[in-house]
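**Q** Here is a sequence with its predicted model. Questions after.
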Amino acid sequence: MSEKKREAETKEIEKRNPQGELSALDGVEAEAAVNEALAKFGAACEAVKAKRRRVYERYRELDDKMKGPGLERITVPESNPFDLDALKRAAMETGRPQEAKEWIAAVRAIASSAYRDTEFLGDCMDVLSKCGEYLSRKDYQLEKALDDLEEERKQVIAEYDRKVTKARGELTAHRDRVHKEIVAKATEADMSFTENIPSCFAGDKTARTIGLVYGPDVPVKDQLNAFLNTARLRSSLNSAGDPYKHLKNLPGGYVPGEHGNMAVAVVTESGAVSSEGKTLFFDRFRRKK
């Protein structure tokens, strides 16, 4: 088919199927019309495949014949093989020249585009003219609805992020308040003025806070339970009647009278007295009433 003839047929198809055929229909009617047009187009696709299948079946039939024993396409003359006239006669009279031409035609037809089929091209233009505008408009509406939902989701997420941040800040502030108002103040009171006395009496400062937990990730219940356990532990007496208990954890232990280089004091009503009965040096500077 010539290009001019094909262009003329294409214009005729477009003229027969003007755009916007479903523009006057809405809702259920338009959807039903689209479904009908799509079903018709599906049948057209199957029809052009059936056409190509018939050509393919003929190609297979010819191909089997061409491959048959003793059925050479052309038989070159045994005598005078270089005679052009003899070659022309061999081409027309021997082999299967007509079937060979049909075989080539079938191969080329199968390799051709389905859009070269005038009827199928018309069906393609028809479904586009009937459904193209409606499907494009519906696509735009669906895409816009999706974009609106995504934007709404972003706003909702942003709002909930603000709420979560606020709630987390309130929780952190509450837990920090409990720590500052109870645990921290009690710890400060427990450690007050201990820095101004000999360390052998004050002991390790970190030991006073071992077991305390606090922070934005620590629930108030855990903070208070840890504080209560620490307070109970710190409120227990070392050992009744044993004034040397606080020194017995030294390496090897302390034995009165055997460690002359250690100053051990017992607080009595008359002041601080060493293990040897001597008044300690800091009592000499203590103002007594």
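**A** Received, thanks.

**Q** which regions of the stretch 51-200 of the chain lie under the pLDDT threshold?
**A** Within the stretch 51-200 of the chain, the stretches with pLDDT under 70 are 68-74.

**Q** Please repeat the previous calculation with a cut-off of 90.
**A** Residue ranges of the stretch 51-200 of the chain with pLDDT under 90: 62-104, 187-200.

**Q** Give me the contacts around stretch 135-152.
**A** residue 34 (Cβ atoms under 8 Å, 6 or more residues apart in numbering). Yep, even glycine has a C-beta here, placed from its N, CA and C like the rest.

**Q** tell me which residues in that stretch are buried?
**A** Buried residues in stretch 135-152, counting neighbours by 16 or more other Cβ atoms under 10 Å, are found at residue 135.

**Q** What of stretch 96-108?
**A** Under the neighbour-count criterion of 16+ other Cβ under 10 Å, stretch 96-108 has 96, 99, 100, 103, 106 buried.

**Q** Can you tell me how far residue 214 is from residue 89?
**A** For residue 214, the distance to residue 89 (Cβ to Cβ, to the nearest Å) stands at 111 Å.

**Q** would you turn the buried residues of stretch 96-108 into JSON lines with distance to residue 35 and secondary structure?
**A** What follows is the buried residues of stretch 96-108, written out as JSON lines (distance: Cβ to Cβ, whole Å; DSSP: H, G, I helix; E, B strand; the rest coil):
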{"residue": "96", "distance to residue 35": "50", "secondary structure": "coil"}
{"residue": "99", "distance to residue 35": "46", "secondary structure": "helix"}
{"residue": "100", "distance to residue 35": "47", "secondary structure": "helix"}
{"residue": "103", "distance to residue 35": "42", "secondary structure": "helix"}
{"residue": "106", "distance to residue 35": "37", "secondary structure": "helix"}
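
**Q** which of those lies closest to residue 228?
**A** Distances from residue 228 to those, taken as Cβ to Cβ, are shortest for residue 106 (96.4 Å).

**Q** Just give the nearest non-adjacent residue to the closest one, would you?
**A** Nearest residue to residue 106, sequence neighbours excluded (Cβ to Cβ, 6 or more residues apart in numbering): residue 59, at 3.8 Å.

**Q** Check which helix or strand that neighbour maps to.
**A** Taking DSSP states H and E as the criterion, residue 59 maps to helix 27-66.

**Q** immediately after that helix, which helix or strand?
**A** Using DSSP H and E, the first helix or strand after helix 27-66 is helix 84-93.

**Q** Show me which residues of that next one are buried.
**A** For helix 84-93, burial by neighbour count (16+ other Cβ under 10 Å) applies to residue 90.

**Q** contacting residues around that helix?
**A** Contacts to helix 84-93, defined as Cβ under 8 Å, 6+ apart, come from residues 74, 75, 76, 77, 80, 97.

**Q** Present those residues as JSON lines; the columns should include distance to residue 181.
**A** Formatted as JSON lines, those follow (distance: Cβ to Cβ, whole Å):
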{"residue": "74", "distance to residue 181": "110"}
{"residue": "75", "distance to residue 181": "114"}
{"residue": "76", "distance to residue 181": "114"}
{"residue": "77", "distance to residue 181": "119"}
{"residue": "80", "distance to residue 181": "123"}
{"residue": "97", "distance to residue 181": "109"}
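
**Q** now for the helix or strand harbouring residue 221, which elements pack on it?
**A** Assigned by DSSP H and E, residue 221 belongs to helix 220-235. Packing partners of helix 220-235 (3 or more Cβ pairs under 8 Å, 6 or more residues apart in numbering; DSSP states H and E): helix 118-178, helix 185-191.

**Q** between those, which gets nearest to residue 210?
**A** Closest among these, once you apply Cβ to Cβ, is helix 185-191, at 11.3 Å.

**Q** picking up where we left off before, nearest to residue 218, out of the helices and strands packed on helix 220-235?
**A** Of all these, helix 118-178 sits nearest to residue 218, with 6.5 Å by Cβ to Cβ.

**Q** So what angle separates the directions of that closest one and helix 27-66?
**A** Following axes from the mean of the first three to the mean of the last three Cα atoms, to 10 degrees, one obtains 120 degrees for the angle between helix 118-178 and helix 27-66.

**Q** Which residues are in contact with the nearest residue to residue 174 once chain neighbours are set aside?
**A** Sequence neighbours aside, residue 220 is the residue nearest to residue 174 in space, at 7.1 Å (criterion: Cβ to Cβ, 6+ apart). Residue 220 makes contacts with 174, 175, 178, as judged by Cβ under 8 Å, 6+ apart.

**Q** Before I go, just wanted to say thanks for your time.
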